[in-house]
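Q: Give me coordinates for this.
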Amino acid sequence: MPTIASEMTTDNLESSSMASSPVNPNVSSRNRPPSSPLKQIPSDSLGPASDSLDSSNKKISADDMAFYYERLLPFRYVFQWLNHSPKPQKDFTMREFAYEHRSGAYQRYNSFESPEDFKSSVVRVNPTRFEVGAVYAVNPSERKTLPKSAMKPLEKELVFDIDLTDYDEIRTCCSKTQICTKCWKFITAATKVLDVALREDFGFEHMIWVFSGRRGAHCWVSDKRARSLDESKRRAIVEYLDILKNKGTKRLNLRRPLHPHIQRSLDILKPDFLTIIQEQDPWRDDEVAIQDLLSKIPNSSITDALKKEWTTKPHRSSLDKFQDISSMAQRLPKANDKKMVIEAEEDIILEVVYPRLDVEVSRQMIHLLKSPFCIHPGTGNVCVPFDANKEFNPMTSPNLRQIQGELLKYDEEHRGDDKKVANWDKTSLKPYTDLFTAFVKRLLASEVTGKRERDEQEPDLEF
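A: All right, here's what the predicted structure looks like:
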């Protein structure tokens, strides 16, 4: 079945406007605060984990993390997800992992031979978190003995990162690292739009959404086609999705008729927009925000009338203000003027709630991203997977201290039981590990089918 983005299939995607930029493979591509640079340390200089936490990491202890790594993190399923097979293969053994230490050190280019090796290393090092990188042509841990040209990333999941701080200009309930159920609606809206686009426009099937542990969500696209994309094709996908790339201008001013992807996104987002502006109320009393809203209306007679209306009726809600624009547009005598204002309203909806993407996170193959089921060091929250089509509440998702207590309580109450139950199934992690294992099983099944199809397409050399 042809997709909307048929001209941008993963077989012919190229970014026409930007070429891949050179990168330094020895430096993490993740943004770091300039005041707290992370030191690079070699993978063969691992020391015991510190029992003390720095000022940004006092909520959980090294002992808490050791307990979690030893007893609760589902290493086997994380391994199978990244390996694409029950038995170790190059998709895992040639893959880069990074550790973030309590000291602030950031240790790249770790690799593992097996799931047992993977778990024992994480337990021994006891990092605040570990991150997942690309599959290389050579073993990343041997990079020092190889020429730099050998360190070429071959495959990596296509990833997307949505962060609530990118919505600070419009959200009023919280700011910076704070979140609540009201502003999480921005993430909910964004995941719905991206999930549909990636499935319907690009034909991807194997995607998992993961709570970042504090203020955002990550999407991992694990299809073989997605993992094999080079950076130019990744950029092209992001540019297709990133309709807000020029959001710094006064108006979004999208071309009409809207592209089918944008029209579908608008239809998805309209109900969320009305709820969000009612709860956030960004244009109620903020004069700068009100002037910015008015600047997006391409009709001076309407903007003058709105200024007068809102001056005589101060503290009018943002929802009322937006509905005022609609009402006045309907009274315009010329059909074209009315059409332009209605289109401006649609642009406003998209500006407020359309996904705000970090292009480089998705484009760069050397970019590392925190693994599912890691613990956020600042909150103690587990980075659990969630279903983009179902309600997810980050305020009630599992926390490390919570699941520690649940496990200890279960073991105490079931002492002497012969029935074997996975530790995570004894806690509130169970629905999230169930979701993840179901995702992994589907992915592994598709890998077997895909390999069989590729083998059947190989030319028969017998004669």
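Q: what stretches of the stretch 201-350 of the chain score poorly on pLDDT?
A: 246-250 (pLDDT under 70).
Q: which residues in it form strands?
A: Using DSSP state E, counting those that start in this stretch, the strands of the stretch 201-350 of the chain run over 207-211, 216-221.
Q: Could you give the average pLDDT over stretch 117-137?
A: Averaging pLDDT along stretch 117-137 gives 98.
Q: so which of the strands of the stretch 201-350 of the chain gets nearest Ser326?
A: Set against Ser326 and scored by Cβ to Cβ, those come closest in strand 216-221, at 31.4 Å. Just so you know, the C-beta spots here come from the backbone N, C-alpha and C atoms, and that holds for glycine as well.
Q: if you skip the residues just before and after it, what's nearest to Leu294?
A: Leaving aside its chain neighbours, Leu294 sits nearest to Thr303 (4.9 Å; criterion: Cβ to Cβ, 6 or more residues apart in numbering).
Q: Please apply the same query to Asp168.
A: Distances taken as Cβ to Cβ, 6+ apart put Ser175 closest to Asp168, at 5.5 Å, once the chain neighbours are dropped.
Q: thinking the one you found is in contact with Tyr167, fair?
A: No - Ser175 is beyond contact range of Tyr167, at 9.8 Å (criterion: Cβ atoms under 8 Å).
Q: Neighbour count: the two, which is higher?
A: Of the pair Ser175 and Tyr167, Tyr167 is the one with more neighbours under other Cβ atoms under 10 Å, namely 22 against 13.
Q: Where does Arg171 sit: helix, strand or coil?
A: Here Arg171 is coil, with the state taken from DSSP: H, G, I helix; E, B strand; the rest coil.
Q: Give me the nearest residue to it, chain neighbours excluded.
A: The shortest distance from Arg171 to any residue other than its chain neighbours is 4.6 Å, reached at Cys183 (Cβ to Cβ, 6+ apart).
Q: That neighbour and Phe211, how far apart?
A: Noted for Cys183: a distance of 14 Å to Phe211, by Cβ to Cβ, to the nearest Å.
Q: higher neighbour count, the two?
A: Counted by other Cβ under 10 Å, Cys183 and Phe211 do not tie: Phe211 has more neighbours, with 25 against 22.
Q: Can you tell me how far the more buried one is from Leu164?
A: Phe211 sits 12 Å away from Leu164, taking Cβ to Cβ as the criterion.
Q: Got the phi and psi for the residue nearest to Arg171?
A: Main-chain dihedrals, Cys183, degrees, to the nearest 10: phi -80, psi -20.
Q: shift numbering so it begins at 21
A: Fine by me, first position is 21 from now on; the one you just mentioned is Cys203.
Q: Contacts only, for it.
A: Remark: with contacts taken as Cβ atoms under 8 Å, 6 or more residues apart in numbering, Cys203 is in contact with Leu184, Tyr187, Arg191, Cys193, Cys194, Gln300.
Q: let's see it at 6 Å
A: For Cys203, the contacting residues are Leu184, Arg191, Cys193, Cys194, by Cβ atoms under 6 Å, 6 or more residues apart in numbering.
Q: next one: Ala154
A: When contacts are counted by Cβ under 6 Å, 6+ apart, Ala154 touches Glu116, Pro173, Lys176, Met385.
Q: who does the one helix or strand it maps to pair up with?
A: Ala154 belongs to strand 149-156 when assigned by DSSP states H and E. Taking DSSP bridges as the criterion, strand 149-156 forms sheet pairs with strand 115-120 (antiparallel), strand 173-175 (antiparallel), strand 389-390 (antiparallel).
Q: From the chain's centre, how far out is the helix or strand following the shortest one? Work that out for me.
A: Toward the C-terminal end, the helix or strand that comes next after strand 389-390 (DSSP H and E) is strand 405-406. Strand 405-406 has its average C-alpha position 11 Å from the chain's average C-alpha position, going by Cα atoms, centre = their mean, to the nearest Å.
Q: How about stretch 392-411?
A: Here stretch 392-411 is found 11 Å from its chain centre; the criterion is Cα atoms, centre = their mean.
Q: Okay, buried residues for it please.
A: Buried residues in stretch 392-411, counting neighbours by 16 or more other Cβ atoms under 10 Å, are found at 392-406, 408.
Q: next one: stretch 443-461
A: 443-444, 446-450, 452-453, 455-457, 459-460.
Q: just stretch 216-229 next, same as before
A: Neighbour-count burial for stretch 216-229 flags Val216, Ala217, Leu218, Glu220, Asp221, Phe222, Gly223, Phe224, His226, Met227, Ile228, Trp229 (criterion: 16+ other Cβ under 10 Å).
Q: Filter those down to just the ones in helices.
A: Counting by DSSP state H, those place Val216, Ala217, Leu218, Glu220 in helices.
Q: Out of the residues you listed, which comes closest to Leu264?
A: Nearest to Leu264 among these: Ala217, at 13.9 Å, using Cβ to Cβ.
Q: List the contacts of the closest one.
A: For Ala217, the contacting residues are His281, by Cβ under 6 Å, 6+ apart.
Q: where does it land on pLDDT?
A: Ala217 is given a pLDDT of 99.
Q: Report the separation between it and Leu286.
A: From Ala217 to Leu286 the distance is 12 Å (Cβ to Cβ).
Q: again, but for Leu218
A: 17 Å.
Q: Using the record's assignment, carve the chain into domains.
A: By the assignment in automatic domain parsing, the chain contains the domains 26-39+48-263+377-472, 280-373.
Q: related to what we said a few turns ago, tabulate the contacts of Ala154 (a markdown table), appending distance to Ala465.
A: Formatted as a markdown table, the contacts of Ala154 follow (distance: Cβ to Cβ, whole Å):
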| residue | distance to Ala465 |
| --- | --- |
| Glu116 | 26 |
| Pro173 | 26 |
| Lys176 | 21 |
| Met385 | 26 |
